[in-house]
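Q: missing the sequence, but the structure's below:
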DNA sequence: AAGTGGTCTAGACCACGAT
DNA sequence: TCGTGGTCTAGACCACTTG
């Protein structure tokens, strides 16, 4: 049997990718792109199982090993979750086990309790210049601003100032936010079909201003951890920009570096 | 040809691993452990090439694919570096390209300049309780304390208070530190055979005390980013505990979350 | 028992780097 | 040209989950 058809894949949609320039791209990367496209288009929704490796191999006319390698990478990027004996599933923010996956705050005593959320406001307005730049909006385009406080054990710890891409979150109100059970990213996913994939964060130490001091119940000028986050959905499209102020008196931001 | 000898590996050192209990362990994990052992024992030194996949497959009496999967994971953990056409190399802190791999500080303007180091002191003394606990020393065991300041563009930005496992760094002096060109972790690797593999960090915002304020040229009480880092070498053995204070007026700590 | 992902093998060819 | 890692295939059996 002939091994390795020379990266042709002529009669299926991968051809489109292959055709776009002389750049060499491994087959499994093309498969990965096709799977990503199906995720993006909503063919398979968060929480659902995608077709089995054998099925996908047949569909794309490649070997199971090639599909496997594509899925391996998508799983490593947290877009998919493999479960032996059951199947491969689209990752979601709604599962208990991985809730608040992006929140890297830990209590000093290690006891991770429940988090209470209080929304200050939720307004639709024109994006300020810096937000517009981050979200790749034209300055003046609509954006959504949400401000809220997260508390642990009755103590306010996080004050978030959140800016969302206006076009993607039409109809989001303070009420819907308050009514929703679970993390905000789960709501975005369920109600607006926007799934957060990855985020870049910039951390700084800053002094509390009057507003944050009163909301976090610290004195003005107290050191707070500022976390600026730019979150992306499929295709590395930026959709959320937020600035969180963390009171790190009894909590810390954990990170692993290697 | 018979596929998959039933995880026997009877006549080589993997047998030792296999023998230790009824726990199932994939062949490639056993190979991975064997390779890690060779790295740890210094059979292959940082910067050197390890044997080719074919050679390793012959040595361990498994297929190349199995060796490949083991190496894939070690490369993902930054223990090895693959270079197509050349070979697979033991990762090192001495290369220009990946220097200060653990330092996640970035200048706001994006211009990464050279870093100047100034050592305040380097003393051998008994480990305080918290350091002893972190480094798994008996309280009272010898430890090495180093304090230094890092500057970018003439501006002091980082004040580090570093504690090292006493037994592993005999003969380390302020002079050797100052004389050495390059990152401290490169020195540890070259001169003491201690390679930092991964680290856990805890970040907080704190107020500058008198010492750090004067060293970092800020006023007392200014917010500083406190970064507590516990670094590990092979076998997850903790060997360094440090607390860095970062002036984030013109720099930020970057992180990616997914 | 059937279906899924997980492991393992053997062998082929490709892309890259050094010679 | 040769040796290295990188890709791809085809097929086998193992481990886990569900019916």
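A: Received it, and whenever you're ready, just let me know what you need. Small disclaimer: the values here were computed from a predicted structure and weren't measured.
Q: Neighbours of the residue nearest to residue A:157 when sequence neighbours are not counted, how many?
A: Once flanking residues are discounted, residue A:157 sits nearest to residue A:247: 5.1 Å by Cβ to Cβ, 6 or more residues apart in numbering or on different chains. Glycine gets a C-beta too; all of them are placed from N, C-alpha and C. Other residues lying near residue A:247 total 26 when counted by other Cβ atoms under 10 Å in any protein chain shown.
Q: Smallest gap between the stretch 101-250 of chain A and DNA strand C, at which residue?
A: In the stretch 101-250 of chain A, the residue that lies nearest DNA strand C is residue A:101 (19.5 Å; Cβ to the nearest atom of the strand).
Q: what's that residue sitting at in phi/psi?
A: phi -70, psi -30 (degrees, to the nearest 10).
Q: and it, what is it in contact with?
A: Contacts for residue A:101 (Cβ atoms under 8 Å, 6 or more residues apart in numbering or on different chains) come out as A:93, B:257.
Q: same thing but at 10 Å, please
A: A:78, A:91, A:93, A:95, A:183, A:185, A:196, B:257-258 (Cβ atoms under 10 Å, 6 or more residues apart in numbering or on different chains).
Q: need those residues in TSV with secondary structure and pLDDT, can you?
A: Output for the contacts of residue A:101, formatted as TSV (DSSP: H, G, I helix; E, B strand; the rest coil; pLDDT from 0 to 100):
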residue	secondary structure	pLDDT
A:78	coil	96
A:91	coil	96
A:93	coil	94
A:95	coil	86
A:183	coil	93
A:185	helix	96
A:196	coil	96
B:257	strand	95
B:258	coil	90
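Q: restrict those to those near DNA strand C?
A: The subset of these within reach of DNA strand C, by Cβ under 7 Å from any atom of the strand, is empty.
Q: In JSON lines, list these along with neighbour count and distance to residue B:115.
A: Formatted as JSON lines, the contacts of residue A:101 follow (neighbours: other Cβ atoms under 10 Å in any protein chain shown; distance: Cβ to Cβ, whole Å):
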{"residue": "A:78", "neighbour count": "14", "distance to residue B:115": "33"}
{"residue": "A:91", "neighbour count": "21", "distance to residue B:115": "38"}
{"residue": "A:93", "neighbour count": "22", "distance to residue B:115": "38"}
{"residue": "A:95", "neighbour count": "15", "distance to residue B:115": "42"}
{"residue": "A:183", "neighbour count": "20", "distance to residue B:115": "39"}
{"residue": "A:185", "neighbour count": "21", "distance to residue B:115": "37"}
{"residue": "A:196", "neighbour count": "23", "distance to residue B:115": "34"}
{"residue": "B:257", "neighbour count": "17", "distance to residue B:115": "26"}
{"residue": "B:258", "neighbour count": "15", "distance to residue B:115": "28"}
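Q: quick revisit: show me the contacts for the residue nearest to residue A:157.
A: Taking Cβ under 10 Å, 6+ apart, one finds A:105, A:152, A:155-159, A:208, A:212-213, A:215-218, A:222-225, B:204-205 in contact with residue A:247.
Q: Kindly tell me how buried the residue nearest to residue A:151 when sequence neighbours are not counted is, as a neighbour count.
A: Nearest residue to residue A:151, sequence neighbours excluded (Cβ to Cβ, 6+ apart): residue A:116, at 4.5 Å. Counted by other Cβ under 10 Å, the residues lying close to residue A:116 total 13.
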